[in-house]
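> with the sequence up front, the predicted model follows.
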Amino acid sequence: MNIGPGRELGGVFDRVADAYDAGRPGYPDETYRAVRELSGVDLDGATAVDVGAGTGILTRALRARGARVVAVDPGAEMLARLSARSDGGRPEVVAVQGDGNALPVADGSADLVTYGQSWHWLDPAASIAEARRVLRPGGAIAACWNLRHAGQADWLAAYEARLAEEVPAYWGPAVEEWAVPPIAAAFEVVGERWIPWTRLIGIEQFLLDLRSHSYMAALSPEAADALVERQRAELRREFPEGVLSVPMRVYLAVGR
């Protein structure tokens with residue numbers, strides 16, 4: 001799914017910035033080990049451009065591993081939350097409002113360009129051309145997606161099926177033609193990884209994650225509230241203790 005321009009995309013997620021910040025998961029440690037192994041880029045001391053940085057989930061993890069990060073996102077509200085949570089604006093993180101198809105970054109200034117849950121919103125050719133422009137020789141591109149693995153749990157498959165039935169813009173594993181974004185066809189991939197993990201999460205935070213998706217932002221507030229309440233009732237009926245064990249997997253593609 002691609003939309004543009006960047007400012008329009010920023011508006012989509014700015015409407016759900018609080019839910020995104022509170023509900024979206026981070027990436028397991030194995031993701032970063034795989035980035036290092038496949039790219040040959042040591043995160044400690046590297047300069048990374050995190051494209052579509054959102055509220056800073058990937059940005060903060062890169063910085064925690066020693067990288068200096070330029071976080072680029074079209075959404076002012078998303079970046080405001082990123083800045084508020086990035087250690088008081090220390091210089092290791094620079095937040096810039098901008099479009100991943102026309103990066104506000106100098107030529108040859110980065111060791112790593114990353115896309116966490118974001119590349120599928122961009123123009124495939126323009127975004128990769130921009131990534132190549134800003135990379136130094138020996139630099140790398142890394143794109144990753146955190147995905148719910150509905151095939152591993154009947155309750156999760158039923159949850160996704162309810163979304164597909166009730167949300168016109170839904171895009172996910174309950175749609176037959178759904179697949180991971182085809183970034184491997186957009187540049188020369190040196191490695192791909194599927195990284196399984198499990199997210200232990202309360203129902204209310206899980207529902208905040210639901211609200212953070214673009215297909216929910218496309219609904220009216222009343223329709224979104226009603227859908228969330230129906231999902232809450234189903235989940236509480238099945239999990240009265242209020243805790244979910246969600247099978248997840250990260251898809252990672254890295255190119256040099």
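Looks like it arrived, so ask away. Numbers count the residues shown, from 1 in each chain.

> after the helix or strand bottoming out on mean pLDDT in the chain, which helix or strand is next? Please name it.
Lowest by mean pLDDT, DSSP states H and E among the helices and strands of the chain is helix 6-14, with a mean of 60. For helix 6-14, the succeeding helix or strand toward the C-terminus, using DSSP states H and E, is helix 17-23.

> flag every buried residue along that following helix.
In terms of neighbour count (16 or more other CB atoms under 10 Å), helix 17-23 has its buried residues at 17, 19-21, 23. All C-beta atoms are positioned from the backbone trio N, CA, C, and that covers glycine.

> what's the closest non-adjacent residue to residue 106?
residue 134 (7.0 Å; CB to CB, 6 or more residues apart in numbering).

> list the contacts of that neighbour.
By CB atoms under 8 Å, 6 or more residues apart in numbering, the contact set of residue 134 is 49, 103, 105-110, 113.

> among those residues, which ones are buried?
Of the contacts of residue 134, these count as buried by 16+ other CB under 10 Å: 49, 103, 105, 110, 113.

> turn those into TSV, columns for secondary structure.
Shown next, in TSV, are the buried ones among the contacts of residue 134 (DSSP: H, G, I helix; E, B strand; the rest coil):
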residue	secondary structure
49	strand
103	coil
105	coil
110	strand
113	strand
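
> would CSV of those residues with distance to residue 205 and pLDDT be doable?
Compiled in CSV, the buried ones among the contacts of residue 134 are given as follows (distance: CB to CB, whole Å; pLDDT from 0 to 100):
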residue, distance to residue 205, pLDDT
49, 29, 98
103, 32, 98
105, 34, 97
110, 33, 98
113, 30, 98
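
> ok, these vs residue 64, which is closest?
Relative to residue 64, the closest of those is residue 49; by CB to CB it sits at 17.0 Å.

> bridged to that closest one, which residues?
As for beta bridges, residue 49 partners with residue 70, residue 113 under DSSP bridges.

> after the lengthiest helix in the chain, next one along is what?
Across the chain, the longest stretch assigned as helix under DSSP state H is helix 221-238. Next along the chain after helix 221-238, taking DSSP H and E as the criterion, comes strand 243-255.

> of the buried residues of helix 17-23, closest to residue 82?
Taking CB to CB as the measure, residue 82 lies nearest residue 21 of the buried residues of helix 17-23, at 8.5 Å.

> OK, contacts around the closest one?
Neighbours of residue 21 in contact, by CB under 8 Å, 6+ apart: 55, 81, 85.

> from the residues you listed, which land in helices?
residue 81.

> nice, that's everything, thank you.
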